[in-house]
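Student: task: produce atomic coordinates for the following.
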Amino acid sequence: MIISIQIENLNSLKEVLNSECDRVRFGSEFCEFKIPSLNLLKKAYKLITDRGKEFAYITPKLSNISIRKVKQHLDFLNENGPINIIFNDLGLLQLLQKYPNLKPHMGRQLVYIPARCPWPEITVGGSISRWMARRRVEKIFYQTSLNHELTIQFFRNYKVENVDLDWIPKCFPHYDYIVRNGFNLSLHLYLIPVTLTRKCHMARLLGEKEPEKCSRPCETYGFVLKRKDLGIELFLWGNVVFKMIEPAEKELKEAFKIKISEFVIPLNPLTKIKNEKEINNIIQLIRSSKSKK
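Tutor: Okay, here's the model as predicted:
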């Protein structure tokens, strides 16, 4: 089992490298305008690998301009492989086939939950009770697109063996099916993406007009979105709205019933995990939960 820390910049890298983590994921998962420069990538790679940590590179959905930029990164990383490249763009997946030392790792933006529209089950008639219909619909809502044979075969044809998934405990029974079909699972802790767009919500609210010249306020803070009448609390960070779920020990034990290959801990203004001690406390919680399963 690998425990990874995911970061977008070098601000907290010193604390990460001093921690007990096994791997550092570097790069932008959601915003193409935060893709690091080639020089910054090289610096991060050297700092991380010199400390004996495994390096992985994470990328967002990409425009044609961005995919040309990322290609330069792939050229460099391929010379230093094998390295996991977490992709959230099918164009990048196709490009990765040309790099023998880079391992395509499917990002969570390409894993859809629910896997399909449950409308036929919602409107089911006949003698099936409402309770039975509800159970059917609930089952569909917690399945993923990788719970379908054709989707599995599609990504298998592109040599994908690793996949990112969200920390949604009710999905865990369906994650086991994905493992049994030969994928290694990486679970993201804390933040579950609810919705995202290519145009940044935060930039619009703060009057950032040119994405290429954005001052990147998301590097220091996000926004809390509350609906007190509904009891809903969400978080806006960059171009993504998240739901926050703290990983409880009971749920960690449930996760260990599945064969999880990697746990991913994000460091950003929403999680507020800032230093080596806080990182190690989470790592110890994960490892102790495994020993108690």
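Student: alpha carbons only for contacts and neighbour counts from here, please
Tutor: Will do.
Student: just the C-alphas of whichever strand or helix holds residue 173, formatted as CSV.
Tutor: If you go by DSSP states H and E, residue 173 is part of helix 172-180. The C-alpha coordinates for helix 172-180 follow below in CSV (Å, rounded to 0.1, in the frame of the first residue of the first chain):
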residue,chain,number,x,y,z
PHE,A,172,-16.9,0.6,-1.8
PRO,A,173,-18.8,-2.6,-2.6
HIS,A,174,-18.7,-1.6,-6.3
TYR,A,175,-15.0,-0.8,-6.2
ASP,A,176,-14.3,-4.4,-5.4
TYR,A,177,-15.6,-5.4,-8.8
ILE,A,178,-13.0,-3.0,-10.4
VAL,A,179,-10.2,-4.7,-8.4
ARG,A,180,-11.4,-8.1,-9.5
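Student: relative to residue 170, how far out is the spatially most central residue of the chain?
Tutor: Centroid-nearest residue in the chain, with C-alpha atoms, centre = their mean: residue 108, separated by 4.9 Å. Going from residue 108 to residue 170 by C-alpha to C-alpha, to the nearest Å gives 16 Å.
Student: would you mind listing where the stretch 101-250 of the chain has pLDDT under the threshold?
Tutor: Residue ranges of the stretch 101-250 of the chain with pLDDT under 70: 116-136.
Student: ranges for the helices of the stretch 151-293 of the chain?
Tutor: 172-180, 201-206, 249-255, 276-291 (DSSP state H, counting those that start in this stretch).
Student: among the ones you listed, which comes closest to residue 14?
Tutor: Nearest to residue 14, of all these, is helix 276-291, at 8.5 Å by C-alpha to C-alpha.
Student: for the stretch 101-250 of the chain, what spans make up the strands?
Tutor: Assigned by DSSP state E, counting those that start in this stretch, the strands in the stretch 101-250 of the chain fall at 102-106, 162-166, 184-188, 190-196, 223-227, 232-237, 240-245.
Student: which one of the ones you listed lies nearest to residue 9?
Tutor: strand 232-237 (15.4 Å).
Student: export the closest one as PDB, just CAs?
Tutor: In PDB, the C-alpha atoms belonging to strand 232-237 read as follows (Å, rounded to 0.1, in the frame of the first residue of the first chain):
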ATOM      1  CA  ILE A 232     -25.500  21.500   2.700                       C
ATOM      2  CA  GLU A 233     -21.900  22.700   2.900                       C
ATOM      3  CA  LEU A 234     -19.800  22.700  -0.200                       C
ATOM      4  CA  PHE A 235     -16.400  24.300  -1.000                       C
ATOM      5  CA  LEU A 236     -15.500  26.300  -4.100                       C
ATOM      6  CA  TRP A 237     -11.800  26.000  -5.100                       C
END
